[in-house]
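Peer 1: show me the folded form of this:
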Amino acid sequence: MERELLSPKIDVKSYIRARVMEVIDELSLSIMMLETGATRNAAGKAFVAVKALISAMVLINLDRLLALKRGKEEKKWYEKKAYTVPTKSIKGISLDLFELGYREIGAIADKALNLHDYQYNGLDPDFSPYKKREEAVRDTVVLIDAVVEKLPQWTGSYWDEEIKRNFEHLTKRLEDFKKR
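Peer 2: Presented below is the predicted three-dimensional model:
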């Protein structure tokens, strides 16, 4: 379900909660699409979930990220734009989050970027990181698993009852899918 997304400059906690809900919603949609065989769409939804996760992580850790940066331009970019997580910046942001101790974020971001390529290029041998559809399906499930494992640890202090309930539904849906 789409939620109102206020600017983090207005209400950072509400923005983070909305992004966490977006992660859960997009992962649920990804599983649903995998169930129907729409693997490229499922890959795209998993990618969007990771962008939402990184957005939340940027805001949760903004002060620490700013402390990593030396130049004024980099600090200004983090303050004004990093939370939007432009696709071209996912790699750099994930490396910065890795430096803060989020060791798994690099692998999560890399897998999401591969799935993003697959979403747009399918199995085109010149552009796709995958040779077979099954590889993309497996990577999508691995990515969903990794995000589901880390989401409570990385964002749990921003959860409310609705997020907890939706996360439980997501984990059940994922477990049911993996049993198939």
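
Peer 1: show me where pLDDT drops low in the protein?
Peer 2: Within the chain, the stretches with pLDDT under 70 are 1-6.

Peer 1: and the residue nearest the centre of it?
Peer 2: In the chain, the centroid-proximal residue (Cα atoms, centre = their mean) is V50; its distance is 1.1 Å.

Peer 1: now do the helix or strand harbouring it: distance to the chain's middle.
Peer 2: Using DSSP states H and E, V50 maps to helix 39-60. Between the centre of helix 39-60 and the centre of its host chain there is 3 Å, according to Cα atoms, centre = their mean, to the nearest Å.

Peer 1: right, and the residue nearest to the centre of the chain touches V147 too?
Peer 2: Yes - with contact defined as Cβ atoms under 8 Å, V50 reaches V147; the gap is 6.7 Å. (Each C-beta comes from the backbone N, C-alpha and C, glycine too.)

Peer 1: who touches both of these two?
Peer 2: V23, I108 (Cβ atoms under 8 Å, 6 or more residues apart in numbering).

Peer 1: ok, back up a step: list the helices and strands the helix holding V50 packs on?
Peer 2: Helix 39-60 sits against helix 12-36, helix 90-99, helix 105-121, helix 133-155, with contacts defined as 3 or more Cβ pairs under 8 Å, 6 or more residues apart in numbering; DSSP states H and E.
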